[in-house]
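Novice: What follows is a predicted protein model with its sequence.
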Amino acid sequence: MKKDGLAEKAREVFAQLKFDFNCYYEEKDSIGKRYRRQDAIGTPICVTVDHDTLNDNQVTIRFRDSMEQKRVTVDELPGIISNEVSMTNLLRNLSASVS
């Protein structure tokens, strides 16, 4: 949403992440349509800023493969995303499942 300071906060979060991760910022349509659009192009993690974010500095993070959603602080995002997209972790998980 482009009102109530949400866009400014979302751009702040985007700016924090964009140099370390391949990020895409989107404001168009409802959140459900945004999630589906990102699922279709293979985005593994979506971060959503909402009105609560302005009060508690937490965002909703959604994982494409499990559809799990959880609230995390903005400061936790880089670590969580790094862990999720790490090639080392991916290979470790694949190795464990083969053993």
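Specialist: Received, thanks. Keep in mind that this is a model prediction, so the values were computed, not measured. Residues are numbered from 1 along each chain as shown.
Novice: for whichever strand or helix holds Arg37, the distance to its chain's centre please.
Specialist: Using DSSP states H and E, the element containing Arg37 is helix 31-41. Centroid separation between helix 31-41 and its chain, computed with C-alpha atoms, centre = their mean, to the nearest Å, is 12 Å.
Novice: where along the chain do the helices fall?
Specialist: 6-17, 31-41, 51-56, 77-85, 87-98 (DSSP state H).
Novice: Can you lay out those helices as JSON lines showing distance to Gln69?
Specialist: (Glycine included, C-beta is placed from N, CA and C.) Shown next, in JSON lines, are the helices of the chain (distance: least, C-beta to C-beta, whole Å):
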{"stretch": "helix 6-17", "distance to Gln69": "16"}
{"stretch": "helix 31-41", "distance to Gln69": "10"}
{"stretch": "helix 51-56", "distance to Gln69": "13"}
{"stretch": "helix 77-85", "distance to Gln69": "13"}
{"stretch": "helix 87-98", "distance to Gln69": "20"}
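Novice: For Tyr24, which of the ones you listed is the nearest?
Specialist: Of all the helices of the chain, it is helix 31-41 that lies closest to Tyr24, at 7.4 Å by C-beta to C-beta.
Novice: now for that closest one, which elements pack on it?
Specialist: Other elements packing on helix 31-41 under the criterion 3 or more C-beta pairs under 8 Å, 6 or more residues apart in numbering; DSSP states H and E are strand 45-48.
Novice: Low-confidence stretches in this structure?
Specialist: For the chain, applying pLDDT under 70 flags the ranges 1-2, 99.
Novice: Just list whatever residues bridge to the spatially closest residue to Thr48 that is not a sequence neighbour.
Specialist: Among residues not flanking Thr48 along the chain, Thr60 sits closest, at 4.4 Å (C-beta to C-beta, 6 or more residues apart in numbering). For Thr60, the residues forming beta bridges with it (DSSP bridges) are Thr48, Arg71.
Novice: Pull the residues that contact the helix holding Arg37.
Specialist: Here helix 31-41 makes contact (C-beta atoms under 8 Å, 6 or more residues apart in numbering) with 24, 26, 28-29, 46, 48, 62, 64.
Novice: quick one: buried residues of that helix?
Specialist: 34-35, 38 (16 or more other C-beta atoms under 10 Å).
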